[in-house]
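Q: Coordinates for the following, if possible.
(2 chains)
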Protein chains: 2
Amino acid sequence: MDIAVSPLARPFPDMPPIDGVTLRVARAGYKDWGRCDLTYAELAEGTAVAGVFTKNVCCSSEVELGREQVRLGRARALVVNAGNSNAFTGYRGREAVEQIMAQVAQHLDCEPSDVFVSSTGVIGVPLPLDKARAGVAAALEAAPCSWKEAADTIGTTDTFAKGAMASAVVDGRTVNLCGFIKGSGMIAPDMATMLGYIFTDAAVEPQFLQDCLSAANLKTYSCITVDSDTSTSDTVLAFATGRAGNVPLASFESAGADAFASALEDVCRQLAHLVVRDGEGGSKFIEVRVTGAVSDDSARRIGLAIANSPLVKTAIAGEDANWGRVVMAVGKAGEPADRDKLSIGFGGVWAARDGLPLADYDEAPVAAHLKGQNISIEVDLGLDEGRATVWTCDLTHGYISINADYRS
Amino acid sequence: MDIAVSPLARPFPDMPPIDGVTLRVARAGYKDWGRCDLTYAELAEGTAVAGVFTKNVCCSSEVELGREQVRLGRARALVVNAGNSNAFTGYRGREAVEQIMAQVAQHLDCEPSDVFVSSTGVIGVPLPLDKARAGVAAALEAAPCSWKEAADTIGTTDTFAKGAMASAVVDGRTVNLCGFIKGSGMIAPDMATMLGYIFTDAAVEPQFLQDCLSAANLKTYSCITVDSDTSTSDTVLAFATGRAGNVPLASFESAGADAFASALEDVCRQLAHLVVRDGEGGSKFIEVRVTGAVSDDSARRIGLAIANSPLVKTAIAGEDANWGRVVMAVGKAGEPADRDKLSIGFGGVWAARDGLPLADYDEAPVAAHLKGQNISIEVDLGLDEGRATVWTCDLTHGYISINADYRS
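A: You can find the predicted model right below:
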């Protein structure tokens, strides 16, 4: 099936190299497709790593192992397989991951636990050992490639390559952060469903890198949803090579730690938005802003109930300011809400305030807003100071076409 | 928009009258449509009532008042408005309900609290007082009508009239239970999203009627989902006129209480299935059977996670035995599950057992099963004795067409 590029696509940015990171791609041939499907990133000695992973209890061996490896805090390489998620493949799936870790570790003369593996694609088919072995061998010999080539290679149902960058001044030096990500369906928080990788030349202690990534995750990947489905393989890893030569960031007391943390969150937010922009069948990018909730967490849950509602998402696809469906979604979230204090708006125009439709509600500017590609929904609970912003896309015929046909 | 009758529709059954129940319909003209949209049921003096209502916190005044009225246990009349849900309409919406209650109470010389009101349709537009008053007056004068006419009149986006019946022998007498229901979108449990009414000539004490209805609800309405969205107006009421003359059922110690309870559950299950069979855009009726969970409640949650997964529902629409998506849905349910004990099947054929794809899995019978209209998905957690069955329909282009266009 040929899927057109998402109308919400963004061009791949011009990203600088990161000292200590070398990217290569190869053809493992996991599927019968004429493209590279194995991505290899070699990382300088001393690279720190942090990660966040799916909460799906049927997770892949890659995720199980990755969780353990992240605790050790160090990485020398990353291998990403596309076309086969290797999830729900029992001990045979685990063997394939361990084979890849051992093969790369031998090449780099490092510990297998320094080699991170991710896989994405069909569930339930063990990753073939021979294809993985030959693919890794080819990648180790391949010429270095660009960020965009790597981003293209980790993709599956993605319709465009997704990358983002930011920089920060840390300890008097400018450090860069470059990332790429894949994902377009089976996207829902806890955390968002995708494979994402961020590389920086900053020197960061692993625990602080983890703190920053976990905090960023809560406000970015965990605030996006395409279809409420959570993959078995979701992974975001951050690698810090330390080649910028700054005094390693160890806590928010370190000089430049705030700047680094906010640059990391910036890259994460950009990458998360790109996943929504490639949401299967999406034709509109929707921002749901919730204020006045009893807590930020409650606001996020309410935002996600709205963003996951098929009736809200189809209304936006139909360019219909159907705020009644937003009321319904607020009410079903299971969070504190008072119908008679609730206000709903679109594109900055209130349609209902304090539980009543506005008598002088002018639908014309709202109708114009809904014809655009970037939609905002505002919800004020009127209870307290809790707030959150979540992002999703609309639900269209395209989603059905893609998912009633894509297959195993 | 003209919506074709659901391919999963069932003919309206030939249901006997219930002594003590008189049905009438009228045109209130809540929408500009050439059909009756107000249903009135007059109930004999002494009729007991029980009810279950939506858990949506943004519920309508009808639901708020209904909850209070049910506690009193007695009913003399029911009024159902179609075309306007009167939800999110603040004090003006409440006035409309109270006006209807007062108007009917005056006519019947009963308490306003004996008059139950439900409304269904667009959210956020107060029910017009003048149309409601004239509609009720017309209904009070109208000739009695059939079950099917009443079932047709409470419908909105429904594509066929839905009724069900059962009987039981209680205290040596045969009692009948007849019900009708509406609903096709915004359907999700807690409890299922719809308006349903069951009438019986059995004599039943209100508290026991409530116990039976609540128990039946847990296994029927709360086990169906169309789109995971929960309406602000969901209501199921059961009315027992007592005209059969049996010694009133007061507890499971009463003669025939078990027979009555299981007949009630039978009618509830039939009605719940009919709602799924009219699920917006549905082309297949899906039964998800979960066994081996840690508890029945856990099994129900896992079943609903599967039944609500857009990726599972589109796979069934595509007649694709994509059991990997079922694994994903089990894993995201947030309930205890062990990937390596999990088994998944379709139509009675296991595709995966104990966490591994079956080596000798023959997809041919499964493919044939998936081409049918009645699909079953079996999930065995392999943990304990918890079990549940839930029902849903597939997710097709029809859902998008209906919901991107239906409107306010």
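
Q: Quick check: the gap between the residue nearest in space to the middle of chain A and chain B.
A: The residue lying closest to the centre of chain A (Cα atoms, centre = their mean) is residue A:272, at 4.5 Å. Look at residue A:272 and chain B: by Cβ to the nearest Cβ, to the nearest Å, they are 18 Å apart. Any C-beta I mention is one placed from the backbone N, CA and C, and that applies to glycine too.

Q: Find the helix or strand that the residue in the stretch 301-408 of chain A positioned nearest to chain B is a member of.
A: Using Cβ to the nearest Cβ, the closest approach of the stretch 301-408 of chain A to chain B is made by residue A:324 at 2.7 Å. Element membership for residue A:324 (DSSP states H and E) is helix A:323-332.

Q: Same question for residue A:352.
A: Assessed by DSSP H and E, residue A:352 sits inside strand A:349-353.

Q: counting contacts, what elements does that strand pack onto?
A: Here strand A:349-353 touches helix A:323-332, strand A:343-346, helix A:363-370, going by 3 or more Cβ pairs under 8 Å, 6 or more residues apart in numbering or on different chains; DSSP states H and E.

Q: Packed most tightly, which of the ones you listed would that be?
A: Per-stretch averages of neighbours, counted by mean count of other Cβ atoms under 10 Å in any protein chain shown, single out helix A:323-332 among those, with a mean of 27.

Q: Tell me what angle it forms with helix A:363-370.
A: Using axes from the mean of the first three to the mean of the last three Cα atoms, to 10 degrees, the inter-axis angle of helix A:323-332 relative to helix A:363-370 is 70 degrees.

Q: by contact count, what packs against helix A:323-332?
A: Using 3+ Cβ pairs under 8 Å, 6+ apart, the elements in contact with helix A:323-332 are helix A:296-307, helix A:310-317, strand A:343-346, strand A:349-353, strand A:374-380.

Q: What is the burial count for the closest residue to residue A:198 other than its chain neighbours?
A: The shortest distance from residue A:198 to any non-neighbouring residue, by Cβ to Cβ, 6 or more residues apart in numbering or on different chains, is to residue A:179 (3.7 Å). Using other Cβ atoms under 10 Å in any protein chain shown, residue A:179 has 28 neighbouring residues.

Q: quick one: contacts for residue A:179?
A: Taking Cβ atoms under 8 Å, 6 or more residues apart in numbering or on different chains, we find residue A:179 in contact with A:163-165, A:196-199, A:267-268, A:270-271.

Q: mind checking the SS state of it?
A: Following DSSP: H, G, I helix; E, B strand; the rest coil, the label given to residue A:179 is strand.

Q: Give me the pLDDT value at it.
A: For residue A:179, the model assigns a pLDDT of 97.

Q: Contacts (any at all) between chain B and the worst-scoring helix or strand of chain A on mean pLDDT?
A: Lowest by mean pLDDT, DSSP states H and E among the helices and strands of chain A is helix A:397-405, with a mean of 81. Yes: with Cβ under 8 Å from any Cβ of the partner chain as the criterion, chain B is reached by helix A:397-405 at A:397, A:399-401, A:403-405.

Q: Kindly report the same for stretch A:303-321.
A: Yes: using Cβ under 8 Å from any Cβ, stretch A:303-321 reaches chain B at A:308-311, A:314-315, A:317-318, A:320-321.

Q: what about burial for those, which qualify?
A: Taking 16 or more other Cβ atoms under 10 Å in any protein chain shown as the criterion, what is buried in the residues of stretch A:303-321 next to chain B is A:308-311, A:314-315, A:317-318, A:320-321.

Q: Now do the SS call for residue A:267.
A: Residue A:267 falls in the helix class when you classify it by three-state DSSP.

Q: Would you state the predicted confidence (pLDDT) at it?
A: Looking at residue A:267, its pLDDT stands at 97.
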